[in-house]
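Q: any chance you could fold what I've pasted below:
(one chain, ligands or ions: 1)
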Amino acid sequence: MKTISRRQFGKGVAAAAAATYAGISLPEFAFGEPQPKRLEYPKGFLWGCATASYQIEGGAKDDGRGPSLWDVFSHTPGKTHNGDTGDVADDSYHLYKQDVQLLKNLGVNTYRMSISWSRVFPTGKGEVNQKGLDYYSRVVDELLANDITPYITMFHWDTPAGLQGGWQSRDTSKAFADYCAYVSKHLGDKVKHWMTTNEFICFTDLGYKIGQFAPGMKLAAGPVNQIRHNAILAHGLGVQAIRANAPSGTQVGLAENAIVYVPVMETDEHIEAARKATRDSNAPFLTTVLDGKYPESYLAQEGANAPKVEVGDMQAIGSPIDFLGVNIYVPLFARADGSAKGWVEEPMPSSYPHMYSPWINLGPECIYWGVRNVCDIWKEKVPAMYITENGASSDDVLTPEGHVEDVDRVMYLRNHLTQLHRAVDEGYPVKGYFLWSLLDNFEWADGYSKRFGIHYVDFKTLKRYPKLSAEWYKNTIATNAVE
Ligand code: GBH
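A: You can find the predicted model right below:
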């Protein structure tokens, strides 16, 4: 006879009770069946949190920082929720030691942060502001002293306002390379992992086509395609600049919010459709970066509006990378069809469930398929992957006792990490996970109305409070498993 645990026995009783209640007979309870496998991550898997300079630092005018397009945009009436700006944000410029202690308390191995370009080069190029660089040097030292490995993004949307034309100008791509060269030369002895850019579409299309983000323009297809080109060119030149200036062994990549397609059913034809959809939909950005050339279909579709490409551009854009960071929040669903392109995107019904931000449709399998689609398409181009962002907003309420019971965020994270485990288990080369975000911060056009942190920030006092999700993440890190 098989022995049964108290827990299994309890389950048997519960099943029997349910059967009586429903008035139906259930098959005999299978005692002694194996317990579900605990979802452990491989040893050495990196756990981190992510933030971005303009969203957390504040100190907008301190120590010689120049304005960025986001300072200008957020100070323009009507552009952000409630007219919120990043002037103070979390004041991490002054409180960074506290923030490193939050990280330390979580037990993370690593932290993804970004550098404000206009702290280091107040007008984007030319004269250096030593105090700006010193700040990042202090932050990095503080992280290292606490055994936390910095992963640094050079550019998370805070384009220096002093750069004429912003991303409309190719000169911005060149100025970016010079900035990357300078920073990687001066911090390269301490920082071994760099990302060039964060999320191309957010500082190109959203800034210059849709107008929802800085600088808030609505340009036509031709100029927008050129802006996209300047953005991926900046990445490519940035990779080359970092390689040329940082010590050998330095790892260079980027953080990209690839559009993720989940096959509507896990059958061969729909899996193939999701793969095709991934390649086609990321055409101007990730596809071109990883292929080192624009897809013919994209050029044909854009016709006379296609970007003008100069000699050497594609070589720079296609520079080999050491790792790919993907920011994954939401799914789209792809279905195979009989069309020439072979796939169609499913419309999302209005009943589709979402988190507090209406755009965060809940579909945790996106993190599995995001990794799998990219690796299946570009295996040899992507030696390693990181989830450089994943997380969600909640309608967080701070109780008088100083708690935030963000069970919906915990639900979101637990389900995504369960799905990410599937990718890791199947051998996809995911090396680490960065939760967005360490703390509530300036959520761009949504201002302070959407909180993404696992630490609550009282924006009046700037006091930080760990939420339930921080406690949950701390346990995840300690056990290296989803629980
Ligand atoms: C990332 O962007 C960013 O890297 C990070 O800075 C940000 O804080 C985080 O995610 C959370 O948002 O309102 O329906 O028009 C995510 C990309 C681009 C997704 C803008 C939401 C607006 C959708 N975001 N988009 S909608």
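Q: confirm for me that A255 is in contact with F200.
A: No - at 9.9 Å, A255 does not count as touching F200 under the criterion of C-beta atoms under 8 Å. In short, each C-beta sits where N, CA and C put it, glycine included.
Q: around the ligand, pick out the residues from the stretch 151-300 of the chain.
A: When proximity is defined as C-beta under 6 Å from any ligand atom, the stretch 151-300 of the chain approaches the ligand at 198-199, 202, 206, 212, 257.
Q: restricted to strands, list those residues.
A: Among these, DSSP state E puts N198 in strands.
Q: turn the residues of the stretch 151-300 of the chain next to the ligand into a markdown table, including distance to A231 and neighbour count.
A: As requested, these are exported to a markdown table (distance: C-beta to C-beta, whole Å; neighbours: other C-beta atoms under 10 Å):
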| residue | distance to A231 | neighbour count |
| --- | --- | --- |
| N198 | 11 | 24 |
| E199 | 10 | 21 |
| C202 | 10 | 20 |
| L206 | 12 | 19 |
| Q212 | 17 | 14 |
| N257 | 13 | 22 |
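Q: save the residues of the stretch 151-300 of the chain next to the ligand as JSON lines, and put in pLDDT too.
A: As requested, these are exported to JSON lines (pLDDT from 0 to 100):
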{"residue": "N198", "pLDDT": "99"}
{"residue": "E199", "pLDDT": "99"}
{"residue": "C202", "pLDDT": "98"}
{"residue": "L206", "pLDDT": "98"}
{"residue": "Q212", "pLDDT": "98"}
{"residue": "N257", "pLDDT": "98"}
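Q: could you identify the most distant pair in the residues of the stretch 151-300 of the chain next to the ligand?
A: Pairwise distances across those peak at 16.3 Å for N198 and Q212 (criterion: C-beta to C-beta).
Q: any idea how far the ligand is from the nearest residue to T76 once chain neighbours are set aside?
A: In space, T76 comes closest to G216 once its chain neighbours are excluded; the distance is 7.1 Å by C-beta to C-beta, 6 or more residues apart in numbering. In this view, G216 and the ligand are 14 Å apart by C-beta to the nearest ligand atom, to the nearest Å.
Q: so G216 versus G124, what's the distance?
A: Computed as C-beta to C-beta, to the nearest Å, the G216 to G124 distance reads 19 Å.
Q: next one: D440
A: From D440 to G124 the distance is 29 Å (C-beta to C-beta).
Q: what do you get for K431?
A: For K431, the distance to G124 (C-beta to C-beta) stands at 33 Å.
Q: G325 now?
A: Look at G325 and G124: by C-beta to C-beta, they are 24 Å apart.
Q: same question, Y261
A: For Y261, the distance to G124 equals 36 Å [C-beta to C-beta].
Q: what about these two, which has more around it?
A: Per other C-beta atoms under 10 Å, whichever of Y261 and G124 has more neighbours is Y261, with 30 against 23.
Q: correct me, but the more buried one touches R372?
A: No - Y261 is beyond contact range of R372, at 10.5 Å (criterion: C-beta under 8 Å).
Q: helix/strand/coil for S248?
A: Using DSSP: H, G, I helix; E, B strand; the rest coil, the structure places S248 in coil.
Q: and for the one 5 residues further on?
A: Per three-state DSSP, the local secondary structure of G253 is strand.
Q: list the residues that contact the nearest residue to it once chain neighbours are set aside.
A: Spatial nearest neighbour of G253, chain neighbours left out: F323 (4.0 Å); criterion: C-beta to C-beta, 6+ apart. By C-beta atoms under 8 Å, 6 or more residues apart in numbering, F323 lies in contact with 193, 251-253, 382-386, 431.
Q: how about the residues you listed, which pair is most distant?
A: Farthest pair in the contacts of F323 (C-beta to C-beta) is H193 and V382. Separation: 15.3 Å.
Q: and stretch 191-203, end to end?
A: For stretch 191-203, the first-to-last residue distance is 25 Å (C-alpha to C-alpha, to the nearest Å).
Q: same question for stretch 323-335.
A: End-to-end for stretch 323-335, by C-alpha to C-alpha: 29 Å.
Q: what distance separates that stretch from the centre of its chain?
A: Stretch 323-335 has its C-alpha centroid displaced from the chain centroid by 10 Å (C-alpha atoms, centre = their mean, to the nearest Å).
Q: show me what the longest helix that the chain contains packs onto, helices and strands only.
A: The longest helix of the chain (DSSP state H) is helix 221-245. Contact analysis of helix 221-245 by 3 or more C-beta pairs under 8 Å, 6 or more residues apart in numbering; DSSP states H and E lists strand 149-155, helix 170-187, strand 193-198, helix 200-203, strand 251-256, helix 288-291, helix 313-317 as its packing neighbours.
Q: go with 6 Å
A: Helix 221-245 sits against helix 170-187, strand 193-198, strand 251-256, helix 313-317, with contacts defined as 3 or more C-beta pairs under 6 Å, 6 or more residues apart in numbering; DSSP states H and E.
Q: avg pLDDT for that helix?
A: In this model, helix 221-245 has a mean pLDDT of 99.
Q: same thing with stretch 453-463?
A: Stretch 453-463 shows an average pLDDT of 98 in the prediction.
Q: and it with the ligand, contact?
A: No - Stretch 453-463 lies out of reach of the ligand by C-beta under 6 Å from any ligand atom, never closer than 10.2 Å.
Q: just stretch 111-129 next, same as before
A: No - using C-beta under 6 Å from any ligand atom, stretch 111-129 stays clear of the ligand, coming no nearer than 8.9 Å.
Q: that stretch: end-to-end distance?
A: Using C-alpha to C-alpha, one end of stretch 111-129 lies 24 Å from the other.
Q: so which bits of it are buried?
A: Within stretch 111-129, the residues that count as buried by 16 or more other C-beta atoms under 10 Å are 111-125, 128-129.
Q: what's the answer for stretch 298-315, then?
A: 298-299, 302, 306-307, 313-314.
Q: ditto for stretch 127-138
A: For stretch 127-138, burial by neighbour count (16+ other C-beta under 10 Å) applies to 128-129, 132-133, 135-136.
Q: what residues sit buried inside whichever strand or helix holds A470?
A: Assigned by DSSP states H and E, A470 belongs to helix 468-479. Neighbour counts over helix 468-479 (16+ other C-beta under 10 Å) mark 468-470, 472-474, 476-477 as buried.
Q: and what of stretch 196-213?
A: Neighbour-count burial for stretch 196-213, counted by 16+ other C-beta under 10 Å, picks out 196-209, 211, 213.
Q: do stretch 408-421 as well
A: Buried residues in stretch 408-421, counting neighbours by 16+ other C-beta under 10 Å, are found at 408-417, 419-421.
Q: all good on my end, thank you.
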